[in-house]
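Peer 1: Here is my input; please provide its structure:
(4 chains)
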4 protein chains.
Amino acid sequence: MKDSSFIRGSVPMTKEEVRTLVLSKLELQPNDRFMDIGAGTGSVSIEAALRLTEGQVIALERKPEAVELIKLNAEKHGVVNLEIIETEAPLGMEKLETINKYFIGGSGGQLEQILDLIDRKAPADSIIVLTAIVIDTMLRAHNYFKSKGWSFELSQIAISKVDTQSAVAILKAQNPIFLFTATKTKSI
Amino acid sequence: MKDSSFIRGSVPMTKEEVRTLVLSKLELQPNDRFMDIGAGTGSVSIEAALRLTEGQVIALERKPEAVELIKLNAEKHGVVNLEIIETEAPLGMEKLETINKYFIGGSGGQLEQILDLIDRKAPADSIIVLTAIVIDTMLRAHNYFKSKGWSFELSQIAISKVDTQSAVAILKAQNPIFLFTATKTKSI
Amino acid sequence: MKDSSFIRGSVPMTKEEVRTLVLSKLELQPNDRFMDIGAGTGSVSIEAALRLTEGQVIALERKPEAVELIKLNAEKHGVVNLEIIETEAPLGMEKLETINKYFIGGSGGQLEQILDLIDRKAPADSIIVLTAIVIDTMLRAHNYFKSKGWSFELSQIAISKVDTQSAVAILKAQNPIFLFTATKTKSI
Amino acid sequence: MKDSSFIRGSVPMTKEEVRTLVLSKLELQPNDRFMDIGAGTGSVSIEAALRLTEGQVIALERKPEAVELIKLNAEKHGVVNLEIIETEAPLGMEKLETINKYFIGGSGGQLEQILDLIDRKAPADSIIVLTAIVIDTMLRAHNYFKSKGWSFELSQIAISKVDTQSAVAILKAQNPIFLFTATKTKSI
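Peer 2: Model prediction:
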């Protein structure tokens, strides 16, 4: 789905290419249950919900204006299997034993607490995808996954785009993003 | 799908993240007809074929050992809606009026001839995705799309990966790739 | 020299790291004669002039406000071996037989004419450094150097910087730049 | 100086562009005293020594074969103001109160001890440049400079090079490198 298909206001949105990679790394199956932590405009939640034809998405977002946007975007795309909770994670992270896919796009400084809850409660083999633009978040995620001994991948994605409408074609750089894909390899 | 799920021998393969982005840019619908030009190991063809539940994939590849790999990979993944033609494009590019999605991963120096055929015969609004690692190919594609007045996007994708199994975590750079997504905006 | 040591107004300036690499690629010797084509704020000219203790810099720039900035910056740094010509190259490119180092930071669409003059008149083994952010300029330079059979290097430089003053450390990407270093290998 | 001007064997060497940026960030003055910690082939030491016409370079390196290379390279370039100490830093870091420029290209896991010595003994306003390819080293350096309240910059440098001798021009990526420049802002 294209960035332009989402209403976004001034709320930051995971860009199209990164959203595509995040959704791919989640290896979504139709009946997965997926939690989107720090859902922003809801672009990941909505694209996931459309794929989870027999599954469910729970979007956690603390900012009221972002929650409104998620609702608008869900309505626009006719999404019905999406529950939105206005909260700051880890508050609101419930019934994790039934949720097997996670995306952490924003953790508001509570990264370890969020991961600890997933560690304690989520099913074995749950997949956790995490994006970080902040150096400190990258380092904390790296240390967490390393210390837990989870199997994980780490990539840095740097994308530049040419504005082909412009008279002169210049590569405009997006800020690089760190992308983690971790698998919770221990049983509950 | 992961790189490791494909048999590849010594044939170059579009890497996982790039394959994910290519497939996303193709905006595949279940009944699309898709041509993969320079199919290599067939990784794009096979992932596309699995998505085209009512559609068809035609893979063109000139190297016999690559053609063998595509067959092996198709069999491994139980793909039945994939036709493989051992040829060097534009030879073998037939019935283009029924094909609405194209991926050009390798053009063997015949880029303009290939695009001219698509230009003349493919349905309006066909989507052409093209990856280039060679500077000259990038230039020629850019000039072609520009001169035809097709609507197109151009990105450069640079991915670095940490080998998280290694004792020291180092970002290993993959070579950057240019990714074009063009829409044939004129009618046949 | 730091970016902050130059007065710049709204004129684009070659960024510190790229300027450092450009000056390094020029392999400046104290008695070189150096021409800066499309000098902008004059940052490359001035840093070069300070190194050319027995040499000379000629800066060509077409925009009056940029010419004013070069003058201000030259005065600020006490540079005396810098001649500024308000012109659009190749106009004003004179006495090339005495000039052995060139930097082309902006060519205003006259790239081939500029390079042809250097080709015809500059001493053998002159070094030409060229930066391009525009795809088309990169391609034209690549084709020119290739067709002339000059020895040349091409790099793409992508730099991201953390604002370490900010509360959160985020890698901010600068637009990638193509950097050519060519040596005119034929004699006059 | 070009990479090819150094003898290197199998010892890793800071690549030309990065070496250029490191030397630039050191803001070398003719009478500086400079310590190169983890000197490898000595390429940074030697290029610095040639600039420090009235100054001195001390190169610390633990591997005997690298020490031999530094000696060979120093001899090749006629460098006389370079002292080589075969040791693993922080061992051998002496007389720091007289050394005002530092480059840490390799710290062998002793990063904090090395920086603590510089912190305690080096003159105020000493400049420390550090390159890291290992994620963990980057993290530790970031945390150290942050915790000390030193003024510092952090960049990530990603360079791709075209092999212009090759029949097809392909951008080959070098691994990205993190580059810190810190100024010790407190007095001794």
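
Peer 1: is any part of the strand or helix carrying A:A141 close to chain C?
Peer 2: Assessed by DSSP states H and E, A:A141 sits inside helix A:135-148. Yes. Counting by Cβ under 8 Å from any Cβ of the partner chain, chain C has neighbours in helix A:135-148: A:I135, A:D136. For glycine as for every other residue, the C-beta is placed from the backbone atoms N, C-alpha and C.

Peer 1: What average pLDDT does that helix get?
Peer 2: Averaging pLDDT along helix A:135-148 yields 91.

Peer 1: That one packs against which elements?
Peer 2: Contacts defined by 3 or more Cβ pairs under 8 Å, 6 or more residues apart in numbering or on different chains; DSSP states H and E place helix A:135-148 against helix A:111-121, strand A:127-132, strand A:177-183, helix D:135-148.

Peer 1: in chain A, which spans are strands?
Peer 2: With DSSP state E as the criterion, chain A has strands at A:33-37, A:56-61, A:82-86, A:101-104, A:127-132, A:151-162, A:171-173, A:177-183.

Peer 1: For chain C, which of these is the nearest?
Peer 2: Minimum separation from chain C across the strands of chain A (Cβ to the nearest Cβ) falls at strand A:171-173, 3.6 Å.

Peer 1: That closest one packs against which elements?
Peer 2: Using 3+ Cβ pairs under 8 Å, 6+ apart: strand A:171-173 touches strand A:151-162.

Peer 1: Partner strands of the strand it packs on, with direction?
Peer 2: For strand A:151-162, the paired strands and their directions (DSSP bridges) are strand A:171-173 (antiparallel), strand A:177-183 (antiparallel), strand B:151-162 (antiparallel).

Peer 1: and the longest one, which residues are buried?
Peer 2: If I follow you right, that is strand B:151-162. Residues B:F152, B:E153, B:L154, B:S155, B:Q156, B:I157, B:A158, B:I159, B:S160, B:K161, B:V162 are the ones in strand B:151-162 that count as buried (16 or more other Cβ atoms under 10 Å in any protein chain shown).

Peer 1: again, but for the second one
Peer 2: Residues of strand A:177-183 classed as buried by neighbour count (16+ other Cβ under 10 Å): A:I177, A:F178, A:L179, A:F180, A:T181, A:A182.

Peer 1: Only C-alpha atoms, please: export it in PDB.
Peer 2: Taking Å, rounded to 0.1, in the frame of the first residue of the first chain, the C-alpha atoms of strand A:177-183 are listed here in PDB:
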ATOM      1  CA  ILE A 177      16.600   3.000   9.900                       C
ATOM      2  CA  PHE A 178      17.600   0.000  12.000                       C
ATOM      3  CA  LEU A 179      15.300  -3.100  11.500                       C
ATOM      4  CA  PHE A 180      15.300  -6.000  14.000                       C
ATOM      5  CA  THR A 181      13.600  -9.300  13.500                       C
ATOM      6  CA  ALA A 182      13.600 -11.500  16.600                       C
ATOM      7  CA  THR A 183      12.100 -14.800  17.200                       C
END
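
Peer 1: ok, back up a step: would you turn the strands of chain A into JSON lines with mean pLDDT?
Peer 2: Output for the strands of chain A, formatted as JSON lines (pLDDT from 0 to 100):
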{"stretch": "strand A:33-37", "mean pLDDT": "98"}
{"stretch": "strand A:56-61", "mean pLDDT": "97"}
{"stretch": "strand A:82-86", "mean pLDDT": "97"}
{"stretch": "strand A:101-104", "mean pLDDT": "98"}
{"stretch": "strand A:127-132", "mean pLDDT": "97"}
{"stretch": "strand A:151-162", "mean pLDDT": "95"}
{"stretch": "strand A:171-173", "mean pLDDT": "95"}
{"stretch": "strand A:177-183", "mean pLDDT": "96"}
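
Peer 1: Using TSV, lay out those strands together with distance to D:F6.
Peer 2: Compiled in TSV, the strands of chain A are given as follows (distance: least, Cβ to Cβ, whole Å):
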stretch	distance to D:F6
strand A:33-37	50
strand A:56-61	54
strand A:82-86	59
strand A:101-104	45
strand A:127-132	37
strand A:151-162	29
strand A:171-173	32
strand A:177-183	33
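
Peer 1: Quick check: which of these is nearest to D:T41?
Peer 2: Closest to D:T41 of the strands of chain A is strand A:151-162 (Cβ to Cβ; 27.4 Å).

Peer 1: Who does the residue nearest to the spatial centre of chain A form a beta bridge with?
Peer 2: Nearest to the geometric centre of chain A sits A:F103, at 3.3 Å (Cα atoms, centre = their mean). Beta-bridge pairing for A:F103 (DSSP bridges): A:D36, A:V129.

Peer 1: what separates it from chain D, distance-wise?
Peer 2: Per Cβ to the nearest Cβ, to the nearest Å, A:F103 is found 22 Å from chain D.

Peer 1: Quick check: phi and psi on the residue in chain A sticking out farthest from the centre?
Peer 2: Distance to the chain centre peaks in chain A at A:A167, reaching 35.4 Å (criterion: Cα atoms, centre = their mean). Here is the backbone geometry of A:A167 (degrees, to the nearest 10): phi -60, psi -40.

Peer 1: Contact partners for the spatially closest residue to A:S24 that is not a sequence neighbour?
Peer 2: Leaving aside its sequence neighbours, A:S24 sits nearest to B:T20 (Cβ to Cβ, 6 or more residues apart in numbering or on different chains; 4.3 Å). Shown in contact with B:T20 (Cβ atoms under 8 Å, 6 or more residues apart in numbering or on different chains): A:T20, A:L21, A:S24.

Peer 1: ok, the last one to D:K172 distance?
Peer 2: What that stands for is A:S24. According to Cβ to Cβ, to the nearest Å, A:S24 and D:K172 sit 26 Å apart.

Peer 1: Between those two, which has more neighbouring residues?
Peer 2: Neighbour comparison, A:S24 and D:K172: the larger count goes to A:S24, with 20 against 15 (by other Cβ atoms under 10 Å in any protein chain shown).

Peer 1: any idea how far that one is from D:E17?
Peer 2: Using Cβ to Cβ, A:S24 is found at 33 Å from D:E17.

Peer 1: next one: A:T181
Peer 2: Distance from A:T181 to D:E17, by Cβ to Cβ: 31 Å.

Peer 1: For chain A, list the residues in contact with chain B, please.
Peer 2: A:17, A:20-21, A:24, A:142, A:145-146, A:151-162, A:164, A:169, A:171.

Peer 1: which residue packs closest to A:D163, ignoring adjacent ones?
Peer 2: According to Cβ to Cβ, 6+ apart, the nearest residue to A:D163 is A:K172 (6.5 Å).

Peer 1: Apologies, that question was intended for A:W150.
Peer 2: Nearest non-adjacent residue to A:W150 (Cβ to Cβ, 6+ apart): A:A182, at 4.8 Å.

Peer 1: these two touch, right, that neighbour and A:F152?
Peer 2: Yes. Judged on Cβ atoms under 8 Å, A:A182 makes contact with A:F152 at a distance of 3.9 Å.

Peer 1: overlap in contacts of those two?
Peer 2: With Cβ under 8 Å, 6+ apart as the test, A:A182 and A:F152 both reach A:F145.

Peer 1: so how far is B:L91 from the residue in chain A positioned nearest to chain D?
Peer 2: Here the residue of chain A nearest chain D is A:L139; by Cβ to the nearest Cβ that distance is 4.2 Å. Distance check for A:L139 against B:L91: by Cβ to Cβ, it reads 53 Å.

Peer 1: These two: which has the busier surroundings?
Peer 2: Per other Cβ under 10 Å, whichever of A:L139 and B:L91 has more neighbours is A:L139, with 20 against 12.

Peer 1: quick one: that one from B:A169, how far?
Peer 2: 11 Å.

Peer 1: Need the residues touching each of the two.
Peer 2: Between them, A:L139 and B:A169 share these contacting residues under Cβ under 8 Å, 6+ apart: D:I135.

Peer 1: Tell me, what's the model's pLDDT at the nearest residue to A:G149 once chain neighbours are set aside?
Peer 2: Nearest residue to A:G149, sequence neighbours excluded (Cβ to Cβ, 6+ apart): A:T185, at 7.5 Å. A:T185 carries a pLDDT value of 78.
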